[in-house]
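Chemist: Okay, predicted coordinates and the sequence, questions at the end:
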Amino acid sequence: MDRRQFLVAAAAAPFAVRSGGRAPLALVTADVEAAVVVVDPYAGRVLRRVATRPDPRSIEGVGECAVIAHTAVGEVTLFRDLAVHHVLRDFGEPRYTAASPNGRLAYVTDSGRADVAVVDVVRARVLARLRLGGWPRHVSIDSAGRTLWVALGTEARDLAVVDVTRPLEPRHLGTIRPPFRLHDVAFVPGMRHVWVTSGAVREIAIHDARSGRVVRTLAAGSPPQHVAFEGARAYVTSGIDGALHVHDLSGRLLRTTAIPVGSYNIQRGPGRILTPSLDHGTLSVLGADGRVRRTVRAARSSHDACFT
């Protein structure tokens with residue numbers, strides 16, 4: 001695909017998720033069982049298990065696909081219609097994915113190659129790569145789909161700022177150094193703030209997305225923390241503590257909820273928050289108020305979950 005063909009296709013096809021009238025489902029990685037577990041998050045029922053390549057770690061919804069990173073074997077699965085659609089094998093240690101707002105592109109961090117890959121999920125191909133150095137892991141994209149912030153490690157000193165205005169030519173604009181060793185990073189939808197969590201201390205930093213400066217810091221649970229947003233709320237997990245903290249977007253703590261120990265990664269969806277447990281293999285389904293609505297035993301160990 002040349003540049004002109006790609007730009008025309010991307011502009012003409014905002015691939016929004018279509019659920020055919022059904023309620024959204026949750027996809028949960030079963031890390032040691034080489035499977036994805038399909039869960040009804042509203043009824044709290046396991047619907048099916050789908051075999052995958054070994055070591056499915058992170059999973060992220062991108063348009064009509066879910067992108068699964070198989071870190072140990074250096075592969076990325078494109079999962080569609082509750083089945084494996086395609087497997088991309090030209091990766092070192094793929095980690096996490098950020099989805100373009102039009103649902104066409106996946107930005108996949110690769111710790112093994114120290115880069116971020118631009119993946120067209122419709123054509124199932126890698127379009128571009130940008131070397132960042134370090135150990136790229138957690139990644140977030142702004143609401144306009146123009147900028148990535150990439151954590152360069154699990155307890156990283158720096159995060160990389162990447163311009164993806166031209167997805168076929170991503171550019172490394174520079175680095176930002178938070179006030180601690182960082183772990184997770186997340187843009188606040190529709191706002192100029194980015195929340196950066198720590199891999200080393202009990203703190204969160206809220207950064208200005210344009211200048212990179214720290215606007216304020218917050219007390220947090222034991223590191224590493226992970227964060228997701230829904231409406232006017234921020235949801236922060238501390239997997240070691242077995243706790244989920246609900247904040248307003250100014251950082252004020254509203255509620256603390258007990259969740260299974262090992263519940264690290266967190267994702268949001270229509271009226272629900274998902275957090276799976278590495279230690280117990282459970283999927284905790286919470287409402288927007290931060291209260292647990294369902295706890296589902298999905299696997300022996302689960303690293304990540306997303307909506308489809």
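Modeler: Received the coordinates, thanks. Numbers count the residues shown, from 1 in each chain.
Chemist: Might one say that Asp163 is in contact with Val150?
Modeler: No - if you go by Cβ atoms under 8 Å, Asp163 and Val150 don't touch, sitting 12.0 Å apart. C-betas here are computed from N, CA, C, even on glycine.
Chemist: Of the two, which one has the most company?
Modeler: Val150 (29 against 15; other Cβ atoms under 10 Å).
Chemist: Quick check: that one vs Pro276, distance?
Modeler: Applying Cβ to Cβ, to the nearest Å, the value for Val150 to Pro276 is 23 Å.
Chemist: Would you agree Val108 is in contact with Pro94?
Modeler: Yes - counting by Cβ under 8 Å, Val108 does reach Pro94; the two are 5.4 Å apart.
Chemist: Return every residue with contacts to both of those two.
Modeler: Ala69, Val76, Ala117 (Cβ atoms under 8 Å, 6 or more residues apart in numbering).
Chemist: which of these lies closest to Arg216?
Modeler: Among those, Ala69 lies closest to Arg216 (Cβ to Cβ), at 32.0 Å.
Chemist: That closest one and Ala98 touch, don't they?
Modeler: No - using Cβ under 8 Å, Ala69 is not in contact with Ala98; the gap is 12.0 Å.
Chemist: just for this protein, where's the confidence low?
Modeler: 1-22 (pLDDT under 70).
Chemist: one more time with 50, if that's ok
Modeler: Residues of the chain meeting the criterion pLDDT under 50: 1-19.
Chemist: all helices for it, in order.
Modeler: In the chain, the helices defined using DSSP state H lie at 3-12.
Chemist: And the strands in the stretch 1-150 of the chain, which stretches?
Modeler: Here the stretch 1-150 of the chain has its strands, by DSSP state E, counting those that start in this stretch, at 26-30, 35-40, 45-51, 56-62, 65-70, 75-80, 83-88, 94-99, 105-110, 115-120, 125-131, 139-141, 147-151.
Chemist: now the ones you listed in a markdown table, with distance to Leu168?
Modeler: Listed next are the strands of the stretch 1-150 of the chain as a markdown table, based on distance: least, Cβ to Cβ, whole Å:
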| stretch | distance to Leu168 |
| --- | --- |
| strand 26-30 | 29 |
| strand 35-40 | 30 |
| strand 45-51 | 32 |
| strand 56-62 | 17 |
| strand 65-70 | 19 |
| strand 75-80 | 18 |
| strand 83-88 | 17 |
| strand 94-99 | 16 |
| strand 105-110 | 10 |
| strand 115-120 | 7 |
| strand 125-131 | 5 |
| strand 139-141 | 16 |
| strand 147-151 | 15 |
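Chemist: so which of these comes closest to Ser250?
Modeler: strand 139-141 (19.4 Å).
Chemist: Partner strands of that closest one and their direction?
Modeler: strand 147-151 (antiparallel) (DSSP bridges).
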